[in-house]
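Colleague: what shape does this take:
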Amino acid sequence: MKRLFLLLFISILAIGTANAQLFHRNASRSAEKGLFGKSLNKKKQVKVKEPRSVMKAKKKQEANENKIKKDYAAHVKKSQKRTIDIQTTDVQERMKQNQKNLELRDKAKKKKSRTSNKKAGKKYN
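Modeller: Next up, the predicted model:
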């Protein structure tokens with residue numbers, strides 16, 4: 001009986017100290033935070049500002065790329081228009097009808113893929 005009581009007392013004492021250790025694991029860090037506001041272990045990241053000439057060159061390069069893209073789009077549009085203009089009237093009508101059919105087909109394909117994706121998504125939700 002005494003052995004059982006002694007064993008029970010020691011196990012309760014061991015569990016109590018183990019819980020206490022788990023509870024106060026970050027006590028030193030929170031005390032440090034309370035005193036100084038921030039943790040001392042964190043290093044401040046240095047922000048490096050690029051020289052003005054580099055920033056200027058990047059902006060100029062970006063503006064040049066945008067201009068090239070815009071010019072290319074305009075050239076493609078002009079080329080497509082010229083391709084249609086040099087055809088006979090019958091061919092022009094057929095080309096316009098083909099373009100309309102293509103747009104309708106793409107629209108239907110997109111709609112079909114959206115609905116199939118919805119069904120597939122429901123399976124996993």
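
Colleague: and the nearest residue in space to residue 92 that is not next to it in sequence, how many neighbours does it have?
Modeller: Sequence neighbours aside, residue 84 is the residue nearest to residue 92 in space, at 5.8 Å (criterion: C-beta to C-beta, 6 or more residues apart in numbering). Glycine gets a C-beta too; all of them are placed from N, C-alpha and C. For residue 84, the count of nearby residues is 12 (other C-beta atoms under 10 Å).

Colleague: cool, residue 63 as well?
Modeller: Based on other C-beta under 10 Å, the number of other residues close to residue 63 is 10.

Colleague: kindly provide the distance from it to residue 54.
Modeller: 15 Å (C-beta to C-beta, to the nearest Å).

Colleague: how about residue 45?
Modeller: According to C-beta to C-beta, residue 45 and residue 54 sit 20 Å apart.

Colleague: ok, residue 9 next?
Modeller: From residue 9 to residue 54 the distance is 73 Å (C-beta to C-beta).

Colleague: could you do residue 118 as well?
Modeller: Counting by C-beta to C-beta - residue 118 and residue 54 are separated by 48 Å.

Colleague: re the thing from before, which of residue 45 and residue 54 has more neighbours?
Modeller: Neighbour comparison, residue 45 and residue 54: the larger count goes to residue 54, with 10 against 6 (by other C-beta under 10 Å).

Colleague: distance check, that one against residue 48.
Modeller: From residue 54 to residue 48 the distance is 11 Å (C-beta to C-beta).

Colleague: equivalent analysis for residue 72, please.
Modeller: 35 Å.
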